[in-house]
Structure formats: C-alpha cells, structure tokens
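Chemist: Please work out how this folds:
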Amino acid sequence: MKLKIGLLSLFITLLGCNNTSHEEGNNYAYFGGQVINPKNNFVVISKREHVLDTLLLDGYNRFSYRIDSLETGFYTFRHGDEFQLVLLEPKDSIMFRLNTLDFDESLVFTGLGAKKNNYFVNEFLQNEIEEKKVFKHCQLDPKSYEDKINEVRHKKYQDLSIFKEKNTTSDLFYTIAKANIDYNYYFKKEIYPFVHYGSNKNDILNSLPEDFYAFRKSINYNDSFLKDHFTYQSFLRSNVSNLALKAHMDHSENKLFKRNSVCYTLDKLKFIDSLIDDPILKNNMLFHYTINFLTKNKDDKNYETVIASYLSKSNDIKNNKMVENYASAMNNLKKGGTLPDVMVKNYENKEYSINAMIHSPTVICFWSHTAYNHFKESHLKIKELESKYPEVTFVCINIDDYDLHTTKTTLKRNHISYENEYVLKNPKSARELLAIYPMTKTIILDKNKRIVNSNSNIFDRLFEEELLGAINR
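Modeler: Next up is the predicted model:
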C-alpha cells in the first residue's frame with residue numbers, strides 16, 4: 001500500500017506541474033520514477049551524448065525532472081550499468097517503476113506518453129526472445145531463413161496496426177515503430193553469413209539469392225533522428241561488417257575468414273568512411289571497430305597500420321586520444337615485461353605498489369559500479385577459479401573515482417570479503433597505464449611478476465589454459 005501511495009503522489013506531482021506558471025508554451029515534458037533495489041543513489045538523464053542532469057533519488061528512491069525547450073526524441077536514463085531509452089514529445093508526463101533485479105522485464109511506464117514507451121519496451125523484450133531463435137534459424141538455407149524472418153516481420157506489422165487502432169499515436173511514433181521493425185529485419189539479414197555454420201564465408205555469400213540484400217538500396221546511412229537508437233546502430237554495425245566481409249573475401253588470398261584480421265578491420269573502416277557522413281555516427285563506429293581490434297589483436301606489429309587508418313578518418317579528439325593512449329599502454333604491457341608502477345589501496349587505506357603484491361602466479365581483474373552485472377558475475381567466477389587453483393592469487397581492483405567507503409559498502413552489501421580487494425589510488429592515470437578496456441580485461445602474471453597476458457578474460461574458453469601456462473613457468 002505504501003508503494004502504491006508513493007507512486008500515486010509522484011504521478012500527481014508530475015501532472016500537477018502542468019498547471020503551474022511554467023506552462024508558457026507547450027514545448028516541455030516531465031519525467032520521473034521509482035527505482036526498487038537501487039544499485040546507487042542516482043540516475044543520469046541524457047540526450048545523445050550530452051548529460052542533462054544527474055538526479056539524486058529521494059528517501060523513497062524516487063526522482064522527478066522537467067525538461068524545458070524539449071527536443072522531441074529519445075532520451076536516455078541510466079542507473080548503475082543499466083540504461084533505457086524513453087521517447088518524449090511535447091507535454092508528456094511520464095513516470096516509470098523498475099526493479100534492478102529484473103531491469104527490462106520489470107520496467108513499466110505510466111502517465112501521458114506512457115503507452116508508446118511501453119510498446120517499445122515490449123518490442124525490445126520480444127526481440128530478445130527472437131534473437132535466441134535467430135541463431136538457430138541462421139543454420140537454415142537462405143530461402144528458408146528468409147521465410148522465417150519475413151513471418152516475424154509481418155506479425156510485427158499486424159501488432160503495430162492493432163496498437164494504432166486502439167491508441168492515439170503521433171506520426172513520429174509510427175515512423176519510429178516502423179523503423180524498429182524494418183531495421184531489426186535488416187539486421188537479421190546482415191548477420192546471416194556470420195552466424196551460418198561453416199568457416200568459408202565466401203561460399204555462404206555466393207549461396208545467397210541475388211535479391212537477398214535488395215533493401216540496401218533504400219538505407220539512410222545518416223539518419224540524424226535514429227542515430228541514438230539501438231536497433232539502427234546494431235543494423236549499421238552488422239551492415240558495415242557484412243559489406244566489408246564481401247570486399248575482404250574478394251581481395252583476400254586466404255579464404256579462411258579471420259574476424260580480427262588487419263585487412264578485414266581496414267575494410268570496415270573504409271566502408272564507414274565512405275558511407276557515413278554524420279560526425280557522431282561516423283566517429284563512434286570508427287572508434288568501436290578500432291578499439292575492438294586493439295583489445296583482441298595479439299600481434300602489436302599490426303597496431304600502427306590500423307591506428308593510422310583510424311586517425312585519418314576520425315575527427316573526434318577525445319576518442320583519438322583514447323586510441324593512441326591505449327596503443328601506447330599495450331606496447332608497455334607486452335608478454336614477458338612487468339606492470340607499470342601503479343599504486344593501489346586496500347580497504348584499510350594502506351597503499352601498495354601493484355608489483356609488490358605479486359609473490360605467486362597472479363590474476364588481476366577489474367570492476368566498476370557502472371558495470372554492476374560484470375562486478376557480480378566476475379566475483380562469482382573468481383570464487384570458482386580460486387577453489388580450482390589455490391596456488392594462484394586472484395586480485396580484484398575497483399577502477400572508479402569513488403571514495404573508499406562507497407566501494408567498501410558495495411562489497412559488504414554483496415557479501416564479498418575485502419581480502420585481495422583494492423582500489424586505484426589515482427584512477428584516471430592508472431586506467432590509462434593499465435589499458436583497462438573493456439571491463440572484462442584480465443591480466444595474468446607469473447610468480448616472477450612477468451606478464452603472461454595483459455589482455456585476457458576470465459570468461460574466455462582458453463583462459464584456464466593460459467592460467468596453467470603461468471603456473472608452470
């Protein structure tokens with residue numbers, strides 16, 4: 001009952017604001033909600049890459065926010081490592097309720113403008129279910145696969161028509177809903193050669209019907225409105241990867257496809273440069289493929305070629321600096337070398353050099369409050385590995401800029417011992433020196449403090465094989 005009263009009072013507050021002296025025009029919207037089992041005490045509201053505000057939750061874990069001079073479109077709210085898009089149009093008063101233990105499935109919008117957003121949430125959940133089936137369907141021949149995904153697309157359009165009949169919707173909503181259906185369908189077509197079994201991707205491409213990718217003629221590669229939308233971004237990445245695959249197979253002497261080869265990466269960067277003009281879309285995609293290559297590439301001799309190609313195409317100063325710093329750091333973290341002299345603190349506030357902690361084969365993992373699921377899953381995995389490899393020391397380091405008390409509280413709340421848990425003394429510089437990207441990055445060292453692999457992953461299928469190599473050195 002208290003929960004219902006709390007939600008009702010917040011909803012009345014939001015709606016009541018519509019009648020205040022602020023209503024001098026119609027170009028505004030209200031957004032608020034309640035977070036059950038919060039991971040921290042704030043939410044972040046942003047539009048594209050621009051953060052509008054960081055809002056503290058009140059004593060009931062609620063917040064409310066008014067957006068004036070509303071730019072109609074998608075806004076993002078983040079809490080912990082989860083985020084959700086919400087479509088806001090003039091005079092919307094939307095609130096939500098979510099439980100972080102079941103984020104997407106628990107998310108429900110209410111208020112003026114809620115129905116359209118509940119439609120998008122339900123479609124997103126349905127797409128997640130379909131994705132699990134798509135990988136199985138991708139093993140069908142091209143025609144049978146096409147029939148399967150055409151059937152799904154047709155059903156989605158039927159559902160959209162029924163929704164429109166029952167609800168008053170804007171032209172904008174219909175445009176987005178239609179784009180969601182279409183780009184999800186296009187995405188499924190683009191991933192077919194990658195997911196279909198068989199290492200000879202050239203044979204798979206040649207087996208496709210001539211009109212399999214006929215939709216490409218109508219694609220807008222610079223949609224300024226959809227560029228923030230997940231489905232559109234997913235399509236663009238799969239499309240670029242597929243176009244580059246065909247080009248790569250045409251000029252590559254080795255027909256055995258290697259996803260992280262230099263040549264294939266350069267082909268992807270070329271297609272991005274030729275197809276995409278929107279600076280945000282272009283820079284983000286260039287950065288995505290370049291940093292992905294750098295994090296997975298095993299031969300540092302190849303860094304220079306890819307980085308040169310990236311820098312010649314990107315004009316994002318921040319991303320460019322990150323790529324250069326990452327490559328420089330990885331050059332100093334080569335196999336057989338030692339870690340830079342980074343300082344860490346334990347939960348008694350005692351400082352140590354990271355190298356001073358290494359007296360046996362050691363695995364160093366990292367975590368952040370912004371990647372809460374990884375924090376929980378990695379600690380569970382480490383607990384499992386500790387029982388299998390008692391001769392190995394497993395160290396976990398938080399990389400955030402938070403105070404020691406905040407991080408300590410997170411560990412305590414999750415019943416995790418403080419033993420072999422540390423924080424970075426100088427997080428910003430240490431993150432660069434250790435090239436901590438992505439969050440799954442794991443460093444393996446032998447008993448002599450020598451690097452075995454500075455870019456491993458405890459969830460990788462070959463991780464334990466690498467670990468045994470470190471133990472036996």
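Chemist: only C-alpha atoms for contact and neighbour calcs from this point on.
Modeler: Noted.
Chemist: domain ranges for the protein?
Modeler: 2-109, 113-253, 258-331, 343-471 (automatic domain parsing).
Chemist: Pick out the shakiest of those domains, pLDDT-wise.
Modeler: Of all the domains of the chain, the minimum mean pLDDT falls on domain 2-109 (a mean of 77).
Chemist: one step back: point out the one among the domains of the chain that comes closest to G337.
Modeler: Proximity of those to G337 was assessed by Cα to Cα; the nearest stretch is domain 343-471, lying at 5.5 Å.
Chemist: Check the offset of that closest one from the chain's centre.
Modeler: 21 Å (Cα atoms, centre = their mean, to the nearest Å).
Chemist: how about the domains of the chain in JSON lines, adding mean neighbour count?
Modeler: Putting the domains of the chain into JSON lines (neighbours: other Cα atoms under 10 Å) gives the following:
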{"stretch": "domain 2-109", "mean neighbour count": "16"}
{"stretch": "domain 113-253", "mean neighbour count": "16"}
{"stretch": "domain 258-331", "mean neighbour count": "17"}
{"stretch": "domain 343-471", "mean neighbour count": "17"}
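Chemist: would JSON lines of these with distance to G337 be doable?
Modeler: Output for the domains of the chain, formatted as JSON lines (distance: least, Cα to Cα, whole Å):
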{"stretch": "domain 2-109", "distance to G337": "33"}
{"stretch": "domain 113-253", "distance to G337": "34"}
{"stretch": "domain 258-331", "distance to G337": "10"}
{"stretch": "domain 343-471", "distance to G337": "5"}
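Chemist: Nearest residue to Y28 in space, please, no chain neighbours.
Modeler: Of all residues beyond its chain neighbours, the one nearest Y28 is D68 (4.6 Å), with distances taken as Cα to Cα, 6 or more residues apart in numbering.
Chemist: The stretch 51-200 of the chain: helices as residue ranges?
Modeler: Secondary structure of the stretch 51-200 of the chain by DSSP state H, counting those that start in this stretch: the helices cover 103-106, 114-137, 142-166, 171-195.
Chemist: For stretch 339-350, give me every contacting residue.
Modeler: For stretch 339-350, contacts defined as Cα atoms under 8 Å, 6 or more residues apart in numbering pick out 332-333, 351-355, 404, 408, 418, 420-426, 430, 433-434, 449-451.
Chemist: cool, stretch 367-377 as well?
Modeler: For stretch 367-377, contacts defined as Cα under 8 Å, 6+ apart pick out K39, G80, D81, C396, I397, N398, I399, D400, M439, T440.
Chemist: quick one: K376 is in a strand?
Modeler: No. With DSSP: H, G, I helix; E, B strand; the rest coil as the criterion, K376 is assigned helix and is not in a strand.
Chemist: From I443, how far off is it?
Modeler: K376 sits at a distance of 19 Å from I443 (criterion: Cα to Cα, to the nearest Å).
Chemist: cool, and E351?
Modeler: Relative to I443, E351 is positioned 20 Å away (Cα to Cα).
Chemist: L55 contacts Q34, correct?
Modeler: No. The pair formed by L55 and Q34 falls short of the contact definition of Cα atoms under 8 Å, at 12.0 Å.
Chemist: Among the contacts of stretch 339-350, name the ones in strands.
Modeler: When the contacts of stretch 339-350 are checked against strands (DSSP state E), the matches are E351, Y352, S353, E421, Y422, V423, L424, I451.
Chemist: Does V43 have any beta-bridge partners, and if so which?
Modeler: On DSSP bridges, the residues paired with V43 through beta bridges are L55.
Chemist: Tell me who's in contact with it.
Modeler: Listed by Cα under 8 Å, 6+ apart, the contact partners of V43 are T54, L55, L56, L57, F77, R78, H79, G80.
Chemist: rerun that using 7 Å as the cut-off
Modeler: Applying Cα atoms under 7 Å, 6 or more residues apart in numbering, one finds that V43 lies in contact with T54, L55, L56, F77, R78, H79.
Chemist: one step back: okay, and the common contacts of L55 and Q34?
Modeler: F63.
Chemist: And what about I280, helix, strand or coil?
Modeler: Per three-state DSSP, the local secondary structure of I280 is helix.
Chemist: For L88, see how far away it is.
Modeler: Between I280 and L88 the computed distance is 21 Å (Cα to Cα).
Chemist: S234 too?
Modeler: From S234 over to L88 (counting by Cα to Cα), the distance is 22 Å.
Chemist: likewise K178?
Modeler: For K178, the distance to L88 equals 17 Å [Cα to Cα].
Chemist: Kindly present the ones in strands among the contacts of stretch 339-350 as CSV, with separate columns for distance to A214.
Modeler: Putting these into CSV (distance: Cα to Cα, whole Å) gives the following:
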residue, distance to A214
E351, 61
Y352, 60
S353, 58
E421, 54
Y422, 54
V423, 53
L424, 52
I451, 50
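Chemist: starting at the chain centroid, how far to the strand ranked longest in the chain?
Modeler: Longest strand in the chain, counting residues (DSSP E): strand 28-36. Per Cα atoms, centre = their mean, the displacement of strand 28-36 from the mean C-alpha position of its chain is 23 Å.
Chemist: Tell me the strands beside that strand, with direction?
Modeler: Under the criterion DSSP bridges, strand 28-36 sits next to strand 62-68 (antiparallel), strand 93-99 (parallel) in its sheet.
Chemist: what are the C-alpha coordinates of that strand, in CSV please?
Modeler: Extracted C-alpha coordinates of strand 28-36, given in CSV (Å, rounded to 0.1, in the frame of the first residue of the first chain):
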residue,chain,number,x,y,z
TYR,A,28,8.2,20.8,-22.3
ALA,A,29,7.9,17.3,-20.7
TYR,A,30,8.1,15.7,-17.3
PHE,A,31,9.9,12.5,-16.5
GLY,A,32,10.2,10.7,-13.2
GLY,A,33,10.1,7.4,-11.5
GLN,A,34,11.0,5.0,-8.7
VAL,A,35,13.8,2.5,-8.5
ILE,A,36,13.3,-0.7,-6.5
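Chemist: what's the closest of the helices of the stretch 51-200 of the chain to P209?
Modeler: When the helices of the stretch 51-200 of the chain are ranked by distance to P209, counting by Cα to Cα, first place goes to helix 142-166 at 7.3 Å.
Chemist: Can you name every helix or strand that the closest one contacts?
Modeler: Counting contacts by 3 or more Cα pairs under 7 Å, 6 or more residues apart in numbering; DSSP states H and E, helix 142-166 is packed against helix 171-195.
Chemist: after the helix it packs on, next one along is what?
Modeler: Toward the C-terminal end, the helix or strand that comes next after helix 171-195 (DSSP states H and E) is helix 201-206.
Chemist: Beyond that next one, next helix or strand please.
Modeler: As assigned by DSSP H and E, the chain's next helix or strand after helix 201-206 is helix 230-251.
Chemist: partner residues bridging K47?
Modeler: Note on K47: beta-bridge partners H50, judged by DSSP bridges.
Chemist: right, and it touches R78 too?
Modeler: No. Contact between K47 and R78 fails when scored by Cα atoms under 7 Å: they sit 11.4 Å apart.
Chemist: Pull up the distance across stretch 412-419, start to finish.
Modeler: One end of stretch 412-419 sits 12 Å from the other (Cα to Cα).
Chemist: actually stretch 58-71, sorry about that
Modeler: For stretch 58-71, the first and last residues are 27 Å from each other (Cα to Cα).
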